[in-house]
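let me see the structure of the following:
(chains A and B)
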Amino acid sequence: MITDTETGLRLDAGFVRYREGAFIEARDATADTADGSLVAPELRIDVPTLIATAPAGVRYVRDGLELVAASAELRFGPELVRFEHPTGASLDLEARALLLDLRTGDALLLGPYRFQDGPFILSDDREDAVLQLRPVTTDAGTPTYRAANEVDEDLWTRMAPVR
Amino acid sequence: MPEPSQDATEVRRRGAAALLDTPLGQPCGDDGAVVEIEGVGRAVYDTILFDGAEGIARLSGGVCIEVPQIELRLRADVVELSGLNVDAAADAPPPVLRAGPAVLGVAGWRLRVEELTGPVDALSVRGVIVLGAGVVGTARNGRFSEAGSILNDVSLATSDYLLDARSARLEGSELVLTDASGTSCTCGVERYRLLGRTVRTTIPRLGGSVEGAMAEPTETIIEEPRLRILGVEIPLGDELVLGPDGPRVELPVEVAERDGLGTVAVLRQGDLAVGRLELGVASEPHLAPLASLRVQQGGTVVAMQVDGRGLDLTARDRRPLGSGVWAEGFTDLDLQSDPGVLRSGGTLGWSGRTPVPLGSLEGVTARLDVRAGAEIAAEPATVGPGAGSGPASIRLPGRADARVDAPLASWARASLRVTGQAVAYPGAIVATAASGGDAAPSARFGQAAVSLEPSIRFQHSGSSLELGGIRRWSAGASPFAFDEIGDRARISADAVLAAGPVRARADVLWRFAPEAPGAEDLEARLSAPVSLGGGWSVTPAVEADLAGLAGGPSDEDWLEARLDLAREGQGDRARFDPAIEGELAVRWDAQAWTVRSARAGVRGSVSDDLGLGLEAELEPGPWTLSSLQASAWWPIDLGGDEAGVRLVPYVALDVAPWWTGEGGPRLAGHGLRAYLRDCCGTLIVGYRASDDDGVEIELGVRLPTLELGDLPVEELLRDLPLYGDAP
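Numbering: from 1, shown residues only, chains lettered A, B, ... in the order given. The predicted model follows:
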């Protein structure tokens, strides 16, 4: 297990290869960030840029969100992650890509996408479609989202590194 | 997406009316941003804001929502939804929808609304504009739910009608207007308005080609119709039907033939079932005013009629007493007959009906009617030197009437009627004087009678045979003419044969002693139409009326052979397509077997307003032309398409005197029909007078049919402008 004090990342892997100041490569890795954990058969962290990439078989879990994706790119600096072709497990969710702010849980689905929250299914089959999801909680404590297909300026700017 | 040039062509091709048709017949798009809400429907939009915690959503920019459960399709710029609960339980209330200006198609309606709000399964709308194929209108508000669709305070305009109603409901494909009124006067001058408790009309569900998009004319039924004209409301009976053949209505004016009164023209007010007043004139027995009033309430009827024959007054009150028993009090004063009749008294009766078990016969029923009463009766002569005098007495009538009906088979039915009746005259019979002064005593009378009336009827397809008879025995006598019951023995047979096109009928009614034995009726006829193709047909027929040879009416002593030729018009207005009727007939004297007359005629018409006729009649011994009548009727149009008058004069000349050199042609008939046409419709007035048929007067109204179309079938542009966009 490796714990990085700078990023707060705890990396647990069956095999780790590390070159100081260059990269960390892990196999059968589980990377725990502050609010969730990412599991991938391969994970490479580029130390100078603090970008982690998982090229295949990604599984991500955090409170209220569980998904699998074809690949992922995690940026430790702005704490953003981009999942390619995510499919929700806890949520009925499909998209070309999911951009996630690890600190706030805010997310963008890039079209074509399909998103179900309770009895509501939002979808858009266009390549340039975007759905913004901001997590909220009902009075009954049920986690849900505030969804909009016009993205807030601040979130759009914040997601720039992974767009 | 179509080529831009194709779009422009398509838009130009569609008329202004089509542009008013919002694309409600088209489904919401199936690409782009879509939200599906379980149990509600789906929506497409440009932008959406959905807050799962608050349970609200705001859709904007060309929003199109489909709610299948109330057949709703809505287009608006902004739609707000609330009550969207992600914790939704099974019994959660449906989401609430709110929209500002919106266009919607719901259950066949096509509407633009100022505001729309409510649960998606029970939407309320306000500030409604109705847009449809051939109809525009407004409504103050409305409600659409699974229970039905209703609009309130509705005004609709079609190309031919302006309509107002307190409410409008769609029931299936039928539009029902309540407390409605309408007029076909669409050019600003409202000459009349029709009002009705309800107006029902069918909205045809269109299908097929663009060419078929015009709705077929359908019937519109107005219940409890009233006509408002010159500020006066005139009831038009129970129902008025506006159909493709024009309005079918009980007009407040009637011109008709009535027994004993000749031609009658009356203005009628009211309903026969409640109360009716008629004022007019009658041509017989001499031209005189006619006034008739009838009022009915429950079992009480008061009726009075005054015409050239005198006064007829009736008042009766009949009340059920339970178990089939009834009581009636009455007063009849009939001074129209000679002698006149005055009767006043009461009757107690019982009526019952019961099935009768009769061996293997099923469905046998018996009906029994028993009555007995007491009255005073007088029968004064109404004309002549003895006017005013006649018998008067207390009268005690009684009657029992039993009838048994037995269906013997599906093709045979028998019945037997037995009637017993008796009248007693207690006290003295007196003769009243004209001024009610002298009273002369007379003999006491009393009479009784029993009659049997068996009958049996066989029927198969269109053929039937009915055999019947009556035997009545009577005793005593009556001082009153209306009371006279004589002995009678008669048998009757009525046979109808329908075999293919052949039709035959024989009708016999034969009297036996104590009446003078002989035939009352002795008639037979046979006809067999043959179609010749091309709309032509020929019908040979023979007919005989022979009662005069066996003690019947003296003028019933002839046989006739006839050949009718007819051509029906095919309804083709584009070419000469006349309807033609021809007749060739010879009538023989049945006793002398000599020809009594021969006649021939032909009559051709291109329409009701254009035709020619020629009829000739010859009489033998020696053969002379007794009549040669030429007739013609033709239209004369004055005015334009919007308003005008069509006059159709009719002239018939008998040129036989001119032909035979006995004189000039003689006017045998004349007439005039006028169509007064304006934006309200067409008023038809006319008369026709002829030697054979007397005077006939015609009065009618022709109104356009009410046509409402369904959603357009025309294929709209694929890339439609959404609400709020420039078209």
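
ok, residue 45 - contacts?
By default, I'm working from chain A. A:9, A:11, A:23-26, A:51-52 (Cβ atoms under 8 Å, 6 or more residues apart in numbering or on different chains). Yep, even glycine has a C-beta here, placed from its N, CA and C like the rest.

actually chain B
Contacts of residue B:45 by Cβ under 8 Å, 6+ apart are B:33, B:35, B:59-64, B:79.

and the residues you listed as JSON lines, adding distance to residue B:297, secondary structure and neighbour count?
As requested, these are exported to JSON lines (distance: Cβ to Cβ, whole Å; DSSP: H, G, I helix; E, B strand; the rest coil; neighbours: other Cβ atoms under 10 Å in any protein chain shown):
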{"residue": "B:33", "distance to residue B:297": "68", "secondary structure": "strand", "neighbour count": "24"}
{"residue": "B:35", "distance to residue B:297": "64", "secondary structure": "strand", "neighbour count": "26"}
{"residue": "B:59", "distance to residue B:297": "62", "secondary structure": "strand", "neighbour count": "27"}
{"residue": "B:60", "distance to residue B:297": "64", "secondary structure": "strand", "neighbour count": "17"}
{"residue": "B:61", "distance to residue B:297": "66", "secondary structure": "strand", "neighbour count": "18"}
{"residue": "B:62", "distance to residue B:297": "63", "secondary structure": "strand", "neighbour count": "22"}
{"residue": "B:63", "distance to residue B:297": "60", "secondary structure": "strand", "neighbour count": "26"}
{"residue": "B:64", "distance to residue B:297": "59", "secondary structure": "strand", "neighbour count": "26"}
{"residue": "B:79", "distance to residue B:297": "57", "secondary structure": "strand", "neighbour count": "23"}
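
of those, which one scores lowest on pLDDT?
Within the contacts of residue B:45, residue B:62 has the lowest pLDDT, namely 81.

which intervals of chain A have sub-threshold pLDDT?
A:6-7, A:34 (pLDDT under 70).

which positions in chain B make contact with chain A?
Within chain B, the positions lying close to chain A (Cβ under 8 Å from any Cβ of the partner chain) are B:31-39, B:47-53, B:55, B:57, B:84-88.

and chain A, which residues reach chain B?
Counting by Cβ under 8 Å from any Cβ, chain A comes close to chain B at A:117-126, A:129, A:136-140, A:142, A:144-150.

narrow these to those in strands?
A:117, A:120-124, A:136-137, A:144-148 (DSSP state E).

returning to what we had before: make TSV from the contacts of residue A:45 and add distance to residue B:607 to it.
Formatted as TSV, the contacts of residue A:45 follow (distance: Cβ to Cβ, whole Å):
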residue	distance to residue B:607
A:9	98
A:11	100
A:23	101
A:24	101
A:25	100
A:26	99
A:51	92
A:52	93
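
of the residues you listed, select the buried ones using a PyMOL command.
Provided next is the PyMOL selection string for whichever of the contacts of residue A:45 are buried by 16 or more other Cβ atoms under 10 Å in any protein chain shown:
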select buried, chain A and resi 9+11+24+25+26+51+52
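
can you list the contacts of residue A:45 in a markdown table and add secondary structure and distance to residue B:259?
Below are these laid out as a markdown table (DSSP: H, G, I helix; E, B strand; the rest coil; distance: Cβ to Cβ, whole Å):
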| residue | secondary structure | distance to residue B:259 |
| --- | --- | --- |
| A:9 | coil | 113 |
| A:11 | strand | 115 |
| A:23 | strand | 119 |
| A:24 | strand | 118 |
| A:25 | strand | 118 |
| A:26 | strand | 115 |
| A:51 | strand | 111 |
| A:52 | strand | 110 |
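
distance of the nearest residue to residue B:67 once chain neighbours are set aside from chain A?
The spatially closest residue to residue B:67, leaving aside those adjacent along the chain, is residue B:41, at 4.1 Å (Cβ to Cβ, 6 or more residues apart in numbering or on different chains). For residue B:41, the distance to chain A equals 12 Å [Cβ to the nearest Cβ, to the nearest Å].

return the per-residue confidence for residue B:41.
Looking at residue B:41, the pLDDT reads 84.

from memory residue B:374 sits against residue B:393, does it?
No: Residue B:374 is beyond contact range of residue B:393, at 11.4 Å (criterion: Cβ atoms under 8 Å).

give me the buried subset of the ones in strands among the residues of chain A next to chain B.
A:117, A:120-124, A:136, A:144-148.

closest to chain B among those residues?
Proximity of these to chain B was ranked by Cβ to the nearest Cβ; the top entry is residue A:144 with 3.1 Å.

next, the contact list for the closest one, please.
A:117-118, A:135-138, B:52-53, B:86.

excluding residues flanking it in the chain, which one is nearest it?
Of all residues not flanking residue A:144 in the chain, residue B:52 sits nearest, at 3.1 Å (Cβ to Cβ, 6+ apart).

helix, strand or coil for residue A:155?
helix (DSSP: H, G, I helix; E, B strand; the rest coil).

with residue B:555 instead?
Residue B:555 is classified as coil under three-state DSSP.

neighbours of it, how many?
Neighbourhood size, residue B:555 [other Cβ atoms under 10 Å in any protein chain shown]: 9.

roughly how far apart are it and chain A?
In terms of Cβ to the nearest Cβ, residue B:555 sits 89 Å off from chain A.

how about that residue, nearest residue that isn't a chain neighbour?
Going by Cβ to Cβ, 6+ apart, residue B:555 has residue B:548 as its nearest residue, at 6.4 Å.

hey, what's residue B:651 bridged with?
Taking DSSP bridges as the rule, residue B:651 bridges to residue B:632, residue B:670.

what's around the nearest residue to residue B:181 once chain neighbours are set aside, how many residues?
Nearest residue to residue B:181, sequence neighbours excluded (Cβ to Cβ, 6+ apart): residue B:195, at 4.3 Å. Counted with other Cβ under 10 Å, residues neighbouring residue B:195 total 20.

residue B:195 and residue B:229 touch, don't they?
No: under the criterion of Cβ under 8 Å, residue B:195 is not in contact with residue B:229, lying 11.1 Å apart.

kindly state the pLDDT recorded for the closest residue to residue B:357 other than its chain neighbours?
Leaving out its chain neighbours, the residue that sits closest to residue B:357 by Cβ to Cβ, 6+ apart is residue B:364, at 7.6 Å. Note for residue B:364: predicted pLDDT of 90.

for chain A, see how far away residue B:364 is.
67 Å.

return the residues in contact with that residue.
Residue B:364 neighbours (Cβ under 8 Å, 6+ apart): B:355-358, B:404-407.

do residue B:402 as well
B:366-369, B:417-419.

which ones among those residues are found in strands?
Short answer: the contacts of residue B:402 in strands (DSSP E) are B:366-369, B:417-419.
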